[in-house]
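Visitor: next come a sequence and a model predicted from it.
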Amino acid sequence: MKLYTIKKYAAILLCLAAFTSCDTDAEGTKYGVNGVEAAFASTQMNVEVGAEDNGIIRVPVYRGNTDAEASVGISIDEATVEEGVFTLKSSNIAFAKGEAVGYAELVFGSIDDLSATGKYEIDHR
């Protein structure tokens, strides 16, 4: 298996579709759209990827209010898309009622496309 570091994954995905402002106390860590607040647990994620992952890295995203189903829109920066190594499987993260965690799924295709010791940084736009 190859070891891959996904650096600053908190900035990976959360450029929320209707993101127009945020609470300055939580800027960079907590995001809200249509009453749903979501956040990454950390700014960095270390992942060991193998063939059994089927070309997908699952990045957990957390929310506080679990009273109802919810979803948040996400995107990754254009530079990452242009590199062609990572893409998003879906532009939405779905949260089931009662669940505090949803997953952003990064698709990397073939494991051979990744560097054995590579560090990848993916930012929001």
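Guide: Everything's here; your move. Numbering: from 1, shown residues only.

Visitor: span of stretch 84-91 from start to end?
Guide: Taking C-alpha to C-alpha, to the nearest Å, stretch 84-91 runs 17 Å from one end to the other.

Visitor: go on, stretch 65-78?
Guide: 31 Å.

Visitor: can you list contacts of stretch 83-97?
Guide: 13, 17, 36, 38, 56-57, 61, 63, 66-76, 80-81, 101-109, 113-114, 120, 122 (C-beta atoms under 8 Å, 6 or more residues apart in numbering). C-beta here means a position set from N, CA and C on the backbone, and glycine is covered the same way.

Visitor: quick check: mean pLDDT of it?
Guide: For stretch 83-97, the mean pLDDT works out to 89.

Visitor: for the chain, where's the lowest mean pLDDT among helices and strands?
Guide: Using mean pLDDT, DSSP states H and E, helix 10-13 stands out as the lowest-scoring helix or strand of the chain, at a mean of 38.

Visitor: ok, back up a step: any of the contacts of stretch 83-97 buried? List them.
Guide: 13, 36, 38, 57, 61, 63, 70-76, 80, 102-104, 106, 108, 114, 120, 122 (16 or more other C-beta atoms under 10 Å).

Visitor: what about the closest residue to Arg63 other than its chain neighbours, which SS state?
Guide: Leaving aside its chain neighbours, Arg63 sits nearest to Ala38 (4.9 Å; criterion: C-beta to C-beta, 6 or more residues apart in numbering). With DSSP: H, G, I helix; E, B strand; the rest coil as the basis, Ala38 sits in strand.

Visitor: so Ala38 bridges to which residues?
Guide: Tyr31, Arg63 (DSSP bridges).

Visitor: for it, give its distance to Val101.
Guide: 10 Å (C-beta to C-beta, to the nearest Å).
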